[in-house]
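Visitor: how does the following fold in three dimensions:
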Amino acid sequence: MTSDTQTTREQLSELLRDEPATASTLATELHISTNDVHQHIEHIAQTLTAKNNQTLLVVPPVCKECGFNEFQKKVARPSRCPQCRCERVEEPSYTIETTSPQ
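Guide: Residues are numbered from 1 along each chain as shown. Presented below is the predicted three-dimensional model:
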């Protein structure tokens, strides 16, 4: 549940702690563009690395045609597969995981 007093990044972080989501799902939920979501997610990932107990996990995009999943930029959705040139590429999904301190 997001609040109107939270920043967009705080709302995104809260949603990603609840369950994994794609950029398009988050964009719809927060009424912003998917490009804005990608920018916020990149910033959230950098911020979380400064904290010891949280990590942004990314399920990389996957080509629906050939199964290729070694995309160079894993945060944004690629326009097509570099291996088979198919445009049917799944969106990456994101979640924030809390890890126990070592």
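Visitor: any stretches of this structure with poor pLDDT?
Guide: Applying pLDDT under 70 to the chain flags the ranges 1-4, 50-52, 100-102.
Visitor: and the helices in it?
Guide: Ranges of helices within the chain are 8-18, 23-30, 34-50, based on DSSP state H.
Visitor: out of the ones you listed, which gets nearest to residue 69?
Guide: Using CB to CB as the measure, helix 23-30 is the one of the helices of the chain that comes nearest residue 69, at 16.9 Å. Where C-beta positions appear, they are placed from N, C-alpha and C, glycine not excepted.
Visitor: what about dumping the CA coordinates of that closest one to CSV?
Guide: Extracted C-alpha coordinates of helix 23-30, given in CSV (Å, rounded to 0.1, in the frame of the first residue of the first chain):
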residue,chain,number,x,y,z
ALA,A,23,8.5,-2.0,-15.1
SER,A,24,5.2,-1.9,-17.0
THR,A,25,3.3,-3.2,-13.9
LEU,A,26,5.0,-0.6,-11.7
ALA,A,27,4.4,2.2,-14.2
THR,A,28,0.6,1.4,-14.3
GLU,A,29,0.5,1.2,-10.5
LEU,A,30,2.2,4.6,-10.0
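Visitor: was I right to think residue 32 contacts residue 9?
Guide: No - taking contact to mean CB atoms under 8 Å, the distance of 11.0 Å between residue 32 and residue 9 leaves them out of contact.
Visitor: quick one, which of those two is more surrounded?
Guide: Using other CB atoms under 10 Å, the more surrounded residue of residue 32 and residue 9 is residue 32, with 17 against 14.
Visitor: and the closest residue in space to that one that isn't next to it in sequence, how many neighbours?
Guide: Closest residue in space to residue 32, ignoring its immediate chain neighbours: residue 8 at 6.6 Å, by CB to CB, 6 or more residues apart in numbering. Residues within reach of residue 8, counting by other CB under 10 Å, total 16.
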